[in-house]
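Novice: how would this look folded up:
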Amino acid sequence: MAHGAKDGTLIIQVAVTVAEDNKVPLASEEHPIDGYGKYAGLSGTLQTLKSWTVTAAREGILEEIELSCSHYTVAQFKITVAGVVVMSQNKIPESFTAPFPKQKLAAGSEVLIQVMSDGSATITAYCWIVGKEVS
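Specialist: The predicted model follows:
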């Protein structure tokens with residue numbers, strides 16, 4: 001007979017272990033990033049719209065990148081995340097959000113957003129990196 005149970009009842013005890021990676025960070029361990037970028041010009045070569053390099057001894061968490069501009073038929077965007085080109089000199093038809101749900105980035109990793117015009121039309125381009133750093 002199991003202790004505290006009726007005759008014929010089997011008690012099963014379950015233990016759950018949470019891995020270190022699944023730990024919920026404390027508010028004091030989370031750090032905002034400067035995610036806003038703007039470029040105005042007519043350069044026909046790629047220009048940096050915004051870059052974010054994850055601070056040493058921290059982990060970056062990338063959620064999304066938002067893009068918009070004044071002249072969608074001319075502006076071309078390029079996005080590189082931790083050395084991987086994820087969008088290569090593409091035109092977008094309207095404001096655009098690229099999702100990266102909880103993409104982890106190692107310290108020193110860079111998110112680079114670039115834009116260019118056709119060399120004759122002036123554009124104003126904007127971006128916002130949604131993310132944070134965790135120590």
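
Novice: Against Leu105, how distant is Val115?
Specialist: Distance, Val115 to Leu105, by C-beta to C-beta, to the nearest Å: 21 Å. (Glycine included, C-beta is placed from N, CA and C.)

Novice: Tell me the bridge partners for the most centrally placed residue in the chain.
Specialist: When C-alpha atoms, centre = their mean is applied to the chain, the residue found nearest the centroid is Leu62 (2.2 Å). Judged by DSSP bridges, the bridge partners of Leu62 are Gln103, Gly131.

Novice: So which of Val115 and Leu105 has more stuff around it?
Specialist: Counting neighbours by other C-beta atoms under 10 Å for Val115 and for Leu105 shows that Val115 has the greater number, 26 against 21.

Novice: where's the more buried one, which helix or strand?
Specialist: Element membership for Val115, per DSSP states H and E: strand 110-116.

Novice: Can you give me the first-to-last residue distance of stretch 61-78?
Specialist: For stretch 61-78, the separation between the terminal residues is 20 Å (C-alpha to C-alpha, to the nearest Å).

Novice: again, but for stretch 74-83
Specialist: Note: stretch 74-83 ends 26 Å apart using C-alpha to C-alpha.

Novice: That stretch - what's its average pLDDT?
Specialist: Averaged across stretch 74-83, pLDDT comes to 97.
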